[in-house]
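*Asks:* Okay, here's the prediction I keep looking at, along with the sequence it came from:
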Amino acid sequence: MSTIVPVDEFVTDEWYPGFKPALDHAPWVVEPFRTFSKADEERFWFLDFHWPRGLTPMGLIWNEDGYSWGTQLAAEALPLPPGRGITQRIAGTHTYAAAIDVTDEWEIGERARRMQANLPRFLENFESIWADRRAEVDNWWEHLRSVDLKSLPLAGLGGYLRKARKFHQRSFEIHFEVMYPLLANYVGFYGACTEMGIDPGEIAKFLQGYDTKIMETDRALNELTRQARTAGLSEVFAATDASKLRSSLAAHGGAASEWLTKFDDFLRVYGYRTEGSCDIALPSWIEDPTPALGMVKTFLQKDGDHDFAAARRAAIEEREAAIDAARSRLTREEQEVFEAGLASCQAANFPWWQDDHNYYIDLRVSLPMRWACQQIAEAVGADASDDTIFLFWPELMQVADGERKYDEFRSLVTARRQYFDHWYQRRASMPKVLGTVPEAVTDPILIEIFGLNQHFLKAVQAAGTDTEVKTLTGVPAAKGSARGTARVLTDADELHRVQPGEILVCESTSPNWTPAFAKIAACICDGGGTLSHAAIVGREYGVPTVTAVGLATVVIKDGDEVEVDGTNGTVTVFRHAEATA
């Protein structure tokens with residue numbers, strides 16, 4: 001009998017107080033983004049880990065431009081055989097997602113035939129395709145960044161915001177246009193490997209050990225840490241809260257001022273990134289450098305710097321050993337199949353692309369819209385610079401075009417802020433899934449990226465039946481074991497406060513969490529498969545990682561002592577924080 005998690009609490013026709021949308025104000029291909037209805041209980045919905053704070057009204061543009069438009073357009077264009085992209089609903093301010101399944105066997109076969117005809121051309125030209133798309137994103141970015149927003153009248157700011165949204169939408173067209181073929185290729189190789197008896201836990205290792213822009217950023221941050229230690233600034237960092245470090249270092253002068261100059265040089269190159277994916281509510285490091293300074297602060301508490309070169313050598317050695325071990329068990333005919341698939345997946349490498357594209361797309365493309373909203377807020381005399389992100393797109397366009405006065409929305413903005421805060425507090429208790437929980441998920445993308453496998457499903461089905469769970473099981477994402485204090489985070493706001501040697505426990509990680517892997521002892525995630533961000537980074541950094549645990553953030557409490565076995569995919573809770581207290 002299927003487990004059903006009711007959606008009743010979340011059924012409404014409002015997105016936020018005072019806004020009931022017409023579904024024609026944003027494009028969609030197969031199914032639009034909207035709120036829950038009772039009929040949705042017949043489908044399977046999972047809480048998306050990318051937006052643990054919830055999304056503001058303007059932030060919900062991601063669900064329209066990225067999820068609805070981007071995934072569905074790409075899935076239909078390839079086409080993806082078993083699915084037509086992803087659709088979403090909101091519960092309060094939180095996003096739940098579901099695959100749009102293709103169920104007719106003939107149609108699945110026909111879509112597979114078309115994909116097999118289209119996929120080789122993409123794979124053969126992946127390097128040039130991604131270079132072209134990356135250049136397109138960069139051209140948009142440089143153009144929008146060059147505009148002096150303070151010189152624009154209100155109507156001009158509206159025009160800039162429209163252009164910024166075009167950039168946002170186009171970036172996610174590119175995102176999924178590239179993502180789906182890479183995943184489809186990997187899934188085909190994965191299937192061939194499992195048919196030949198290769199351990200599924202080894203397959204993702206074949207693609208590790210390749211450098212990315214995110215890792216380049218982390219190395220630069222690590223170099224700043226080394227320079228701060230050499231300059232004798234460790235005590236200044238240790239004695240100062242991260243939020244006050246910039247002013248404190250500036251006041252010290254001398255070596256501290258020189259270091260700040262280098263830090264500002266770092267920000268000019270790497271600072272246009274937010275502490276979360278695709279969220280207009282989040283400032284970049286340029287706007288608020290606290291996360292980067294806080295990360296240096298905690299790096300300085302380690303005995304030494306993270307050895308990136310050694311970690312990469314280890315990742316490459318593990319990759320080559322895993323490949324050699326797989327080859328040794330294959331017949332000559334099987335080796336030919338294996339070598340062809342491996343070469344294709346290494347040339348069009350999804351794990352590498354996953355972090356490379358995060359630098360160019362996920363962590364920065366919301367910023368031009370954010371800048372426009374802030375400047376509009378100043379132009380109309382809003383009470384706070386981020387008040388305008390609590391308006392929906394049609395509402396803000398009416399203000400920018402002079403059709404309505406901002407004063408009409410002041411009280412509504414206050415109510416929506418309170419609504420957002422309420423649901424932010426609710427996040428930790430939100431159901432991990434809603435609707436009808438299946439016995440198994442067959443979509444390989446939901447399994448490999450989101451970790452919706454048997455471990456996850458069993459855990460959420462058992463939610464609330466055993467509050468004294470001592471051992472959790474998940475995906476063995478990155479090998480090794482570690483024991484230490486658990487630091488349970490709902491989002492990345494406090495990531496820079498995680499101490500060296502602690503064990504990070506979260507729903508899952510996004511690319512902005514990557515620097516923490518240079519200081520944590522291990523990572524445990526509710527969701528995520530072997531191709532999730534946490535799994536990829538755990539392997540690259542040599543950090544034991546277990547994903548798809550299901551209820552780690554529910555069972556494990558902040559301060560618990562836990563042991564992580566990333567080789568076998570188990571987590572053991574030895575001592576509960578409340579018992580220690």
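*Replies:* Ah, there it is.

*Asks:* going forward, measure contacts between C-alpha atoms and count neighbours the same way
*Replies:* Noted.

*Asks:* State whether Gly501 is indeed within a strand.
*Replies:* No: Gly501: not assigned to a strand; according to DSSP: H, G, I helix; E, B strand; the rest coil it is coil.

*Asks:* how about it, what does it touch?
*Replies:* Gly484, Thr485, Lys519, Ile520, Ala521, Ala522 (CA atoms under 8 Å, 6 or more residues apart in numbering).

*Asks:* neighbours around the fifth one, how many?
*Replies:* Under the neighbour criterion other CA atoms under 10 Å, Ala521 is assigned a count of 25.

*Asks:* How much space separates it from Gly480?
*Replies:* 10 Å (CA to CA, to the nearest Å).

*Asks:* Please apply the same query to the last one.
*Replies:* Computed with CA to CA, the distance linking Ala522 and Gly480 is 9 Å.

*Asks:* what sits in contact with each of Ala521 and Gly480?
*Replies:* With CA under 8 Å, 6+ apart as the test, Ala521 and Gly480 both reach Val543, Pro544.

*Asks:* Pick out whichever of Ala522 and Gly480 has more residues nearby.
*Replies:* For Ala522 versus Gly480, neighbours defined as other CA under 10 Å are more numerous around Ala522 (30 against 18).

*Asks:* That one contacts Ala482, doesn't it?
*Replies:* Yes: applying CA atoms under 8 Å, one finds Ala522 in contact with Ala482, separated by 6.2 Å.

*Asks:* Mind listing the shared neighbours of those two?
*Replies:* Common neighbours of Ala522 and Ala482 (CA under 8 Å, 6+ apart) are Pro544, Val564.

*Asks:* what's the burial count for Gln461?
*Replies:* Gln461 - counted by other CA under 10 Å - has 19 other residues nearby.

*Asks:* what sits against it?
*Replies:* Thr3, Val437.

*Asks:* if we go to 10 Å?
*Replies:* Ser2, Thr3, Ile4, Val5, Lys432, Val433, Val437, Pro438, Glu439, Gly550 (CA atoms under 10 Å, 6 or more residues apart in numbering).

*Asks:* for Gly451, same thing?
*Replies:* 441, 444-445, 457, 474-475, 508, 525-532, 547-550.

*Asks:* Report the buried members of those.
*Replies:* 441, 444-445, 457, 474-475, 508, 525-532, 547-550 (16 or more other CA atoms under 10 Å).

*Asks:* Out of those residues, list just those in strands.
*Replies:* Val475, Cys525, Thr547 (DSSP state E).

*Asks:* Spatially nearest residue to the last one (excluding sequence neighbours)?
*Replies:* This means Thr547. Cys525 (4.6 Å; CA to CA, 6 or more residues apart in numbering).

*Asks:* ok, that neighbour touching Ala548?
*Replies:* Yes: taking CA atoms under 10 Å as the definition, Cys525 is a contact partner of Ala548 at 6.1 Å.

*Asks:* shared neighbours of these two, which are they?
*Replies:* Gly451, Gly474, Val475, Glu507, Ser508.

*Asks:* what sits against the nearest residue to the last one once chain neighbours are set aside?
*Replies:* Yep, that's Ser508 we're talking about. By the measure of CA to CA, 6+ apart, the closest residue to Ser508 outside its immediate chain neighbours is Cys525, 4.9 Å from it. Residues near Cys525 by CA under 10 Å, 6+ apart: 49, 451, 474-475, 488, 504-509, 534-535, 545-553.

*Asks:* try 6 Å
*Replies:* Taking CA atoms under 6 Å, 6 or more residues apart in numbering as the criterion, Cys525 is in contact with Val505, Cys506, Glu507, Ser508, Thr547.

*Asks:* For Arg487, see how far away the second one is.
*Replies:* If I follow you right, that is Cys506. Counting by CA to CA - Cys506 and Arg487 are separated by 8 Å.

*Asks:* ditto for Ala415
*Replies:* 33 Å.

*Asks:* out of those two, which sits in the busier spot?
*Replies:* Ranked by neighbour count (other CA under 10 Å), Ala415 and Arg487 place Arg487 first, with 24 against 16.

*Asks:* Quick check: that one is in a strand.
*Replies:* Yes: secondary structure of Arg487 (three-state DSSP): part of a strand.

*Asks:* okay, the residue nearest to Ile447 when sequence neighbours are not counted: pLDDT?
*Replies:* Leaving aside its chain neighbours, Ile447 sits nearest to Asn453 (5.4 Å; criterion: CA to CA, 6+ apart). Note on Asn453: pLDDT of 81.

*Asks:* what about Asn453, how many neighbours?
*Replies:* 25.

*Asks:* Looks like it contacts Leu446 (just checking).
*Replies:* No: assessed by CA atoms under 6 Å, Asn453 is found out of contact with Leu446, at 8.2 Å.

*Asks:* remind me, longest helix of this protein?
*Replies:* helix 154-195 (DSSP state H).

*Asks:* Packing partners of it?
*Replies:* helix 367-380, helix 393-400 (3 or more CA pairs under 6 Å, 6 or more residues apart in numbering; DSSP states H and E).

*Asks:* burial count for the nearest residue to Ser234 once chain neighbours are set aside?
*Replies:* Spatial nearest neighbour of Ser234, chain neighbours left out: Leu300 (6.3 Å); criterion: CA to CA, 6+ apart. When neighbours are counted by other CA under 10 Å, Leu300 registers 23.

*Asks:* Likewise for the one 3 residues further on?
*Replies:* Other residues within reach of Asp303, judged by other CA under 10 Å, total 8.

*Asks:* Give me the distance between it and Ala521.
*Replies:* For Asp303 relative to Ala521 (CA to CA), the value is 14 Å.

*Asks:* Now Gly435, what are its backbone angles?
*Replies:* Backbone torsions of Gly435, given as degrees, to the nearest 10, read phi 80, psi -150.

*Asks:* How about the contacts made by it?
*Replies:* Gly435 touches Ile4, Val5, Pro6, Glu41, Glu42, Arg43, Phe44, counting by CA under 6 Å, 6+ apart.

*Asks:* any idea how far Val433 is from the closest residue to it other than its chain neighbours?
*Replies:* Nearest non-adjacent residue to Gly435, counting by CA to CA, 6+ apart: Glu41, 4.0 Å away. Separation of Glu41 from Val433 (CA to CA) stands at 11 Å.

*Asks:* Which of these two has more residues huddled nearby?
*Replies:* Remark: of Glu41 and Val433, Val433 carries more neighbours, 22 against 18, as counted by other CA under 10 Å.

*Asks:* pLDDT score for the more buried one?
*Replies:* pLDDT, Val433: 94.

*Asks:* next one: Gly464
*Replies:* For Gly464, pLDDT reads 58.

*Asks:* is it true that Leu531 touches Leu446?
*Replies:* No: with contact defined as CA under 6 Å, Leu531 does not count as touching Leu446 (10.2 Å).

*Asks:* Geometric centre of this structure: which residue is closest?
*Replies:* Ser510 (3.2 Å; CA atoms, centre = their mean).

*Asks:* which one is that one nearest to, not counting chain neighbours?
*Replies:* His533 (6.1 Å).

*Asks:* So that neighbour versus Ala478, what's the distance?
*Replies:* Taking CA to CA, one finds His533 at 11 Å from Ala478.

*Asks:* where does the nearest residue to Pro515 once chain neighbours are set aside land on pLDDT?
*Replies:* With sequence-adjacent residues excluded and distances taken as CA to CA, 6+ apart, Pro515 is closest to Asp218, at 5.6 Å. Predicted confidence (pLDDT) for Asp218: 93.
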